[in-house]
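Trainee: got a predicted structure here, sequence first:
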Amino acid sequence: MTREGGALSVQRGDLVAGRYRAEEPLGPAWRARDESGGAEVVLVPVAMSEDDGPGTVAEVAALAGSGVLDPARWHDRRGVLPVIGTATGDAGAWLVTEPIAARTLADAVAEWGALPNEQVLLIAAEALTALSATGPRLSATPENILLTDDGHVVLLPIETTANDLSTLGTALHLAAEGHSPTPTPH
């Protein structure tokens, strides 16, 4: 693990919370293996602020007392990767989710370019379903939207204070056009 701006950054092979071995990045999350039982999971960072990753030990301790790490907040949240637990340690705070065979929208567009219109419409419909559900406000960036191998769309359980529809619009533009929207000069 390396320190970046006060928080620790996880690298491939790092042991997170003394239990989960980071194996492969999945957007801001990590596919990992539970060293205590061998199960595959996904570790999703609980950011201390919009621009941060997992926080320092003191920030994590404060966060734990606030209820933000309660997996029940995500229970039965349609269109969101199911949360099965939490992990905390020197690498920050993490939601532990079920494993998933998927790639991020950002990775899919980087590899394939613009996606077919039918797929963009599916992404829009399923992401809107997740965003409209009651519960924490979700981040719908291209890095947080997962396209599953079986043709569905789920969001990583990452909260935001930003305009979720605006970020979804940007993500859908990327999916449809193969690039992010660029500001037009006035």
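Mentor: That came through fine.
Trainee: tell me the phi and psi of Asp14?
Mentor: Here is the backbone geometry of Asp14 (degrees, to the nearest 10): phi -70, psi 150.
Trainee: that one: neighbouring residues, count only.
Mentor: Neighbourhood size, Asp14 [other Cβ atoms under 10 Å]: 18. Yep, even glycine has a C-beta here, placed from its N, CA and C like the rest.
Trainee: unless I'm mixing things up, it is touching Gly89, no?
Mentor: No: in this structure, Asp14 is not within contact of Gly89 by Cβ atoms under 8 Å, at 10.5 Å.
Trainee: is the nearest residue to Pro71 once chain neighbours are set aside bridged to anything, and to what?
Mentor: Closest residue to Pro71 apart from its sequence neighbours, by Cβ to Cβ, 6 or more residues apart in numbering: Val83 at 4.5 Å. Val83 forms beta bridges with Thr97, as assigned by DSSP bridges.
Trainee: do I have it right that Val83 meets Glu159?
Mentor: No: using Cβ under 8 Å, Val83 makes no contact with Glu159, being 11.9 Å away.
Trainee: can you name every helix or strand that the one helix or strand Leu131 maps to contacts?
Mentor: Assigning secondary structure by DSSP states H and E places Leu131 in helix 117-132. Contact here means 3 or more Cβ pairs under 8 Å, 6 or more residues apart in numbering; DSSP states H and E; on that basis helix 117-132 packs against strand 145-148, strand 153-155, helix 164-177.
Trainee: where are the low-confidence patches of this protein?
Mentor: Residue ranges of the chain with pLDDT under 70: 1-8, 47-68, 183-186.
Trainee: now do the helices in it.
Mentor: Shown for the chain, the helices assigned by DSSP state H span residues 57-66, 105-112, 117-132, 164-177.
Trainee: can I get these in CSV with mean neighbour count and distance to Gly151?
Mentor: Shown next, in CSV, are those (neighbours: other Cβ atoms under 10 Å; distance: least, Cβ to Cβ, whole Å):
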stretch, mean neighbour count, distance to Gly151
helix 57-66, 14, 35
helix 105-112, 17, 12
helix 117-132, 17, 8
helix 164-177, 18, 14
